[in-house]
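# 3D model of this:
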Amino acid sequence: METTLNLVHYGASSYDSSKFDSIVNSELSSKPEGGLWACPIDTDNTWKDLDHGKDLSDNFQFTFSGELLTIESISDFFGLNWIENVMGQKVLNFEKLSASYDAIYMDNAIVEQALELLDSSNINLYGWDCTCVVILNPSTITV
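Model prediction:
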């Protein structure tokens with residue numbers, strides 16, 4: 001089912017489609033190489049709210065319309081595609097997920113619950129520290 005979201009990306013003042021790299025699983029990171037990270041406009045838990053000491057005044061808004069994987073419960077984690085990175089941690093298999101979904105949405109509250117209830121020593125969800133979406137397919141972006 002196609003979903004539409006209004007999103008904001010922090011760290012750039014405009015969208016440049018030439019900078020959107022294909023999704024590739026990273027051997028060291030819990031995030032993929034490529035894609036575009038954003039936050040829903042209507043949430044109060046964004047990267048800007050985290051204040052990591054970075055200037056996030058540069059940002060742009062856009063609309064996503066496509067197939068969205070929404071992770072909203074602990075049981076959703078069990079149905080995901082996981083791979084093991086070089087450090088022996090389970091990370092999402094973004095390459096496989098991108099074959100079925102255009103983006104992945106995860107609320108930070110569910111990440112915190114997952115890390116408490118699942119084997120957090122073996123699951124790496126670093127980077128999902130606020131409510132965010134990673135866009136896997138650039139054709140779903142309208143600026």
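# now this protein, which segments are flagged as low pLDDT?
Residue ranges of the chain with pLDDT under 70: 49-54, 118-121.
# in this protein, which strand has the most residues?
strand 59-71 (DSSP state E).
# buried ones in it?
59-60, 62, 64, 66, 68-69, 71 (16 or more other CB atoms under 10 Å). All C-beta atoms are positioned from the backbone trio N, CA, C, and that covers glycine.
# beyond it, next helix or strand please.
helix 74-78 (DSSP states H and E).
# now the angle from the helix ranked longest in the chain to strand 59-71?
Longest helix in the chain, counting residues (DSSP state H): helix 108-117. Using axes from the mean of the first three to the mean of the last three CA atoms, to 10 degrees, the direction of helix 108-117 lies 50 degrees away from that of strand 59-71.
# and the two most separated of the buried residues of strand 59-71?
Farthest pair in the buried residues of strand 59-71 (CB to CB) is Phe60 and Ile71. Separation: 24.9 Å.
# got the contact list for stretch 101-120?
Stretch 101-120 is contacted by residues 5, 40, 45, 64, 66-74, 76-77, 92, 94, 97, 123, 125, 128-137, 139-140 when judged by CB atoms under 8 Å, 6 or more residues apart in numbering.
# just the buried subset of the residues you listed, please.
Judged by 16+ other CB under 10 Å, buried ones among these: 5, 40, 45, 64, 66, 68-69, 71, 77, 92, 94, 97, 123, 125, 128, 130-137, 140.
# tell me which of these fall in helices.
Short answer: those in helices (DSSP H) are 77, 94, 97.
# what sits against the nearest residue in space to Ser22 that is not next to it in sequence?
Leaving aside its chain neighbours, Ser22 sits nearest to Gly34 (5.1 Å; criterion: CB to CB, 6 or more residues apart in numbering). Contacts were defined as CB under 8 Å, 6+ apart; by that measure Gly34 touches 20-24.
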